[in-house]
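J.: The sequence and its predicted three-dimensional model are supplied below.
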Amino acid sequence: MNNAALTDLIIKMADDELIQGHRNSEWTGLGPVMEEDIAFSSMAQDKIGHAWALYRILHENLGGQDPDHFAFIRKEKAFKCSHLVEMPNGSYDFSLMRHFLFDHAETVRYESLRESSFEPFQQLSRKFKGELKYHTLHANAFIMQLSQANEESYARMQSALNDTIALAAGIFEPSAEYEEELMVAGVYPGEAALYHRWLDRIYPVLVKASLNLPEMSTVTPVYGGRKGFHTAYLEPLLKEMGEVFNLDTEANW
Amino acid sequence: MYGGGYIFDEPNGKQLREEKQHDDPEKLAAFEARITRGEKIEPGDWMPAEYRRQLIRLIEQHAHSEIIGALPEGTWITRAPGFKRKLALIAKVQDEIGHGQLLYNAAETLGKSREAMINDLLSGKSKYSNVFNYPAETWADVTVIGFLIDAAAIVNQVANAKGSYGPYCRALERICYEESFHLKQGHDAFIELATGTPVQKQMLQEALNRWWQPIMHFFGPPDKTSQHSEKLMQWKVKMASNDEMRNQFLESYVPKIWELGLTLPDPNLRKDPETGRWQYSDPDWDEFFRVINGGGPCNEERLQVRKWAEEHGRWVRKALMNPQERRALPVA
């Protein structure tokens, strides 16, 4: 297997983690209750930590740039994150639903890497498992609570689900160029398989919460991010992220 | 961070009342004897009404300082340069919010709810450390806050941790433990700039110049003008005088700043070799009071951000506090 396929997959996974972590971190100081502030900060650290670990694999195993340079000065076109993570936080309902859908997607992905033929993935899978358990526990608990508390909170959660589901399905954007090769080599099971496992995980929680998952055959997933086509929100985010680092990219900060 | 060294008076100007007509003299004597013996006062214990009032004010202001203090640094989380700094800054600001949570809990043991405290913050009735009414203009400001404001807060909090109210002392012990990590991290980022490129050094020097006066203000007005320290010190609510804490801070940190080749914008700053105490120009105390009373560069912005959070989060709090849910689940 050539390294290009593996590199492509790692960049997609890492960029999702970095940008989702960045968005989570924007809740610091602004959460609806202090406990949620702390929860989102904590998850932000885990996500950004995951991104860092993945970029280190690129750097150490596949000849990529060092993580800071790769993450903080890369151009928008070279990012491969999904549109879901690029979206601004909006209000807490949107952020919470995104967190729920994203973290279950992450969970199925890293679970699938437990037996990956690419050994560094096996280590990540073991390392992230404990963290993701708490992220999904948090998401499930809040989805349940808010969906059932009162009419307003229920309406907000249903509306947030309607707004995020097509974006979340876009996490599993197929890659005609590399996916087959990665599956044959036993690196991971491919996007379609992960997508179905993800639906199997989120569906029972949504049913318990009395939320209606739209008929997925009628939902058009939002693709493009994996090929470098992004929403208008990514570029300003990246500019902000690199603002200090780019004052002098050779300096130590 | 961030307990400011100074307990602000309430806007209605109520002073510590010397008369104790509402307190049973025998109980008061027994209470004061307990404090003299070094015992901790616990929530269910008898305490003078004024002790309770002053403690609520102190702990509440400290809690507000934590959550407002998270804002100037929090705005740099998304811009922190590199993974190491980004993760450290999120973790740090998260700790500060956690300190707010601990402190609101401690104040609640005295009978004022978190909601009432937050409402008083938003209405401007209750204050927070003045230092957070200044902006963090560059990344270097973040390192100055992380190193020197945290250091100043530690001086204050280590002293207060030896105070008389059990729940506050225990919260402070945990807070100080975390603060010492923040200080290390702030110092590390500060040194990185101080020993970095000319651009980095200049950024740092400019930030230091900007923050020096707020730092000198941090411990509050000079002892000679401070109005109500005596009773608070007897009751071990306040553990060290403003000038004492300021001197301790200067003693520990000015040499560290000078060692790095940085300057401080006070030509009179020096240690008197005879008394061993630091001498300095009086900072502008009129400015200090102007900022307390809403005239600082960021007072309005800080409260607006908190109001945004309170307003946008109201539906979530309502749903969490009064759930009509059909089944109960642990929240975490």
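T.: Right, received. Where do you want to start?

J.: what residues are up against residue A:154?
T.: Applying C-beta atoms under 8 Å, 6 or more residues apart in numbering or on different chains to residue A:154 gives the contacts A:146-148, A:210. Every C-beta, even on glycine, is put in place using the N, C-alpha and C of the backbone.

J.: tell me the SS of it?
T.: Following DSSP: H, G, I helix; E, B strand; the rest coil, residue A:154 is assigned to helix.

J.: any idea how far it lies from residue A:146?
T.: Distance from residue A:154 to residue A:146, counting by C-beta to C-beta, to the nearest Å: 8 Å.

J.: Same check on residue B:170?
T.: Separation of residue B:170 from residue A:146 (C-beta to C-beta): 33 Å.

J.: What of residue B:200?
T.: Separation of residue B:200 from residue A:146 (C-beta to C-beta): 45 Å.

J.: Tell me which of those two has more neighbours.
T.: Here residue B:200 and residue A:146 are set side by side on neighbour count (other C-beta atoms under 10 Å in any protein chain shown), and the busier one is residue A:146, at 26 against 21.

J.: Phi first, then psi, for the more buried one.
T.: Residue A:146 has phi and psi values of phi -70, psi -30 when expressed as degrees, to the nearest 10.

J.: Next one, pLDDT for it please.
T.: pLDDT, residue A:146: 96.

J.: so it makes contact with residue B:318?
T.: No: using C-beta atoms under 8 Å, residue A:146 is not in contact with residue B:318, being 10.1 Å away.

J.: what residues are shared contacts of the two?
T.: With C-beta under 8 Å, 6+ apart as the test, residue A:146 and residue B:318 both reach residue A:153.

J.: what's the neighbour count on residue B:26?
T.: The number of residues near residue B:26, taken as other C-beta under 10 Å, comes to 8.

J.: oh sorry, the question was meant for residue B:84
T.: Residue B:84: 16 neighbours (other C-beta under 10 Å).

J.: Point me to the helix or strand that includes it.
T.: helix B:83-108 (DSSP states H and E).

J.: Against which helices or strands is that helix packed?
T.: For helix B:83-108, the contact count by 3 or more C-beta pairs under 8 Å, 6 or more residues apart in numbering or on different chains; DSSP states H and E identifies helix A:34-61, helix A:67-72, helix B:49-74, helix B:114-123, helix B:166-194 as packing neighbours.

J.: Apply 7 Å and report the result again.
T.: Packing partners of helix B:83-108 (3 or more C-beta pairs under 7 Å, 6 or more residues apart in numbering or on different chains; DSSP states H and E): helix A:34-61, helix B:49-74, helix B:114-123, helix B:166-194.

J.: Compare those and give me the one nearest residue A:214.
T.: Closest to residue A:214 of the helices and strands packed on helix B:83-108 is helix A:34-61 (C-beta to C-beta; 26.0 Å).

J.: Report the buried residues of that closest one.
T.: Of the residues in helix A:34-61, A:34, A:36-59 count as buried by neighbour count, 16 or more other C-beta atoms under 10 Å in any protein chain shown.

J.: One more: stretch B:244-255?
T.: Going by 16+ other C-beta under 10 Å, stretch B:244-255 has these buried residues: B:244-250, B:253-254.

J.: From those residues, pick the one nearest residue A:22.
T.: Closest to residue A:22, out of all of the buried residues of stretch B:244-255 and judged by C-beta to C-beta, is residue B:253, at 33.1 Å.

J.: can I assume that closest one sits in a helix?
T.: Yes: using three-state DSSP, the secondary structure at residue B:253 is a helix.

J.: Now do the contacts for it.
T.: B:148, B:151 (C-beta atoms under 7 Å, 6 or more residues apart in numbering or on different chains).

J.: and if we set it to 6 Å?
T.: Counting by C-beta atoms under 6 Å, 6 or more residues apart in numbering or on different chains, residue B:253 touches residue B:151.

J.: And residue A:112, by the same measure?
T.: Shown in contact with residue A:112 (C-beta under 6 Å, 6+ apart): A:188-189.

J.: Please name the nearest non-neighbouring residue to the residue in the stretch 151-300 of chain B positioned nearest to chain A.
T.: Proximity of the stretch 151-300 of chain B to chain A (C-beta to the nearest C-beta) peaks at residue B:197, 4.9 Å away. Closest residue to residue B:197 apart from its sequence neighbours, by C-beta to C-beta, 6 or more residues apart in numbering or on different chains: residue A:251 at 4.9 Å.

J.: distance of the one you found from residue B:200?
T.: Counting by C-beta to C-beta - residue A:251 and residue B:200 are separated by 6 Å.

J.: Pull the number of nearby residues for whichever residue of chain B sits closest to chain A.
T.: At 2.5 Å from chain A, residue B:313 is the closest residue in chain B, using C-beta to the nearest C-beta. Neighbours of residue B:313 under the rule other C-beta under 10 Å: 20.

J.: From the chain's centroid, how far away is the lowest-mean-pLDDT helix or strand in chain B?
T.: Ranked by mean pLDDT, DSSP states H and E, the weakest helix or strand in chain B is helix B:229-234, scoring a mean of 85. Distance of helix B:229-234 from its chain centroid, counting by C-alpha atoms, centre = their mean, to the nearest Å, is 19 Å.

J.: Please spell out which residues along it are buried.
T.: Buried residues in helix B:229-234 (16+ other C-beta under 10 Å): B:229, B:231-232.

J.: Same list (the residues you listed) but as JSON lines, adding distance to chain A.
T.: Shown next, in JSON lines, are the buried residues of helix B:229-234 (distance: C-beta to the nearest C-beta, whole Å):
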{"residue": "B:229", "distance to chain A": "31"}
{"residue": "B:231", "distance to chain A": "32"}
{"residue": "B:232", "distance to chain A": "28"}
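
J.: residue ranges with poor pLDDT in chain A?
T.: For chain A, the stretches with pLDDT under 70 are A:1.

J.: give me the number of residues near the residue of it found nearest chain B?
T.: Across chain A, no residue is closer to chain B than residue A:32, which sits at 2.5 Å (C-beta to the nearest C-beta). The number of residues packed near residue A:32 is 25, by other C-beta under 10 Å.

J.: Three-state assignment for it, please.
T.: coil.

J.: Once you drop chain neighbours, what's closest to it?
T.: Using C-beta to C-beta, 6+ apart, the closest residue to residue A:32 is residue B:313 (2.5 Å).

J.: cool, residue B:192 as well?
T.: Residue B:192's closest residue in space is residue A:252 (C-beta to C-beta, 6+ apart), at 5.7 Å.

J.: Need the three-state assignment for that neighbour.
T.: Residue A:252 ends up coil, using three-state DSSP.

J.: Phi first, then psi, for it.
T.: Torsion angles, degrees, to the nearest 10, at residue A:252: phi -90, psi 130.

J.: now it: how far from residue B:80?
T.: Plainly put, residue A:252 is 14 Å away from residue B:80 if you go by C-beta to C-beta.

J.: the more surrounded of those two?
T.: Neighbours per residue, other C-beta under 10 Å: of residue A:252 and residue B:80, the larger number sits with residue B:80, 25 against 13.

J.: dump the residue contacts of that one.
T.: Taking C-beta under 6 Å, 6+ apart, one finds B:86, B:89 in contact with residue B:80.
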